[in-house]
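> Pasting a predicted model and its sequence here:
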Amino acid sequence: MNLAKRKLGLMVSTGPEHANLDTALGLGRAALDRGADVYLYLIDDGVTGVEDARVQGLAERGAKLFVCAYGCQKRRLPLSDKATNCGLVVLADIVNATDRFLSFN
């Protein structure tokens, strides 16, 4: 199925060691393969995976990558230049602008 001009939003709140990340990334890859735009938002413990090679690989394929700046601050992580550092307003925009939004908690 061609998903051109469709938008998929994904949010991951668990760390990179959790299977949720692999599931979200697999869905993201499948959507990109079918022509969809993919938006990945990392929040809570998910922010620790922003520089993970698997996450960056999805971004290199065209996914738009966002990381919660507050989540990074709470975990004493530096802001990453490999993602858009933002807050919940951007997350709300992603939820409202995508055709499908999936949350992995």
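Looks like it arrived, so ask away.
> Going along the chain, name the strands of this protein.
Applying DSSP state E to the chain gives strands spanning 7-12, 37-42, 64-68, 84-86, 100-104.
> For these, please prepare JSON lines with the additional fields mean pLDDT, distance to residue 54 and mean neighbour count.
Any C-beta I mention is one placed from the backbone N, CA and C, and that applies to glycine too. Shown next, in JSON lines, are the strands of the chain (pLDDT from 0 to 100; distance: least, Cβ to Cβ, whole Å; neighbours: other Cβ atoms under 10 Å):
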{"stretch": "strand 7-12", "mean pLDDT": "98", "distance to residue 54": "11", "mean neighbour count": "23"}
{"stretch": "strand 37-42", "mean pLDDT": "98", "distance to residue 54": "11", "mean neighbour count": "25"}
{"stretch": "strand 64-68", "mean pLDDT": "98", "distance to residue 54": "12", "mean neighbour count": "22"}
{"stretch": "strand 84-86", "mean pLDDT": "97", "distance to residue 54": "18", "mean neighbour count": "16"}
{"stretch": "strand 100-104", "mean pLDDT": "98", "distance to residue 54": "14", "mean neighbour count": "15"}
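> got CSV for those strands, with distance to residue 76 too?
Shown next, in CSV, are the strands of the chain (distance: least, Cβ to Cβ, whole Å):
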stretch, distance to residue 76
strand 7-12, 20
strand 37-42, 16
strand 64-68, 14
strand 84-86, 15
strand 100-104, 24
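> what angle separates the longest helix along the chain from strand 100-104?
Longest helix in the chain by number of residues (criterion: DSSP state H): helix 19-33. Per axes from the mean of the first three to the mean of the last three Cα atoms, to 10 degrees, the angle that helix 19-33 makes with strand 100-104 is 160 degrees.
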